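Participant: No sequence on hand, only this structure:
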């Protein structure tokens, strides 16, 4: 698949990336890669509370649609 990036949605990009990892590494190694790739940092729960403070579920879903995640 050699489609220009701007023509793919974020979901399509993640799906294509996952398929490429599975094809190249196999399922088990692809999963290990994903788990090891970005462990993150900081306090996830606190960050999410700050990010979504005062927002309704409806507003969050609308934001996700506008960003191309849904």
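Facilitator: Structure's in. What do you need? Just so it is clear, the model here is predicted, and its values are computed rather than measured.
Participant: Now do the top helix by length along the chain: which elements does it pack against?
Facilitator: Across the chain, the helix with the greatest residue count (assigned by DSSP state H) is helix 10-25. The contact analysis (3 or more C-beta pairs under 8 Å, 6 or more residues apart in numbering; DSSP states H and E) places helix 10-25 against helix 27-37. Glycine gets a C-beta too; all of them are placed from N, C-alpha and C.
Participant: Pull out the buried residues from the helix it packs on.
Facilitator: Within helix 27-37, the residues scored as buried using 16 or more other C-beta atoms under 10 Å are residue 30.
Participant: Can you pull out the residues in contact with that helix?
Facilitator: Contacting residues not belonging to helix 27-37 are listed as 18, 21, 22, 24, 25 [C-beta atoms under 8 Å, 6 or more residues apart in numbering].
Participant: before we move on, back to that, now do the longest helix of the chain, average pLDDT.
Facilitator: For helix 10-25, the mean per-residue pLDDT is 91.
Participant: Domain map for this protein?
Facilitator: Per the record, the chain has its domains at 1-39, 41-70, by automatic domain parsing.
Participant: so where's this protein uncertain?
Facilitator: The chain contains residues with pLDDT under 70 at 1-6, 38-39.
Participant: which residue is nearest the centroid of it?
Facilitator: By C-alpha atoms, centre = their mean, the chain has its centre lying nearest to residue 14, at 6.6 Å.
Participant: Could you give the number of residues near residue 66?
Facilitator: 9 (other C-beta atoms under 10 Å).
Participant: That one and residue 15, how far apart?
Facilitator: Separation of residue 66 from residue 15 (C-beta to C-beta, to the nearest Å): 20 Å.
Participant: So the residue of the chain most remote from its centre: helix, strand or coil?
Facilitator: What lies farthest from the middle of the chain is residue 54; by C-alpha atoms, centre = their mean that is 23.4 Å. At residue 54 the chain is in coil, as set by DSSP: H, G, I helix; E, B strand; the rest coil.
Participant: Assess the claim that residue 61 and residue 70 are in contact.
Facilitator: Yes. Counting by C-beta atoms under 8 Å, residue 70 is a contact partner of residue 61 at 6.7 Å.
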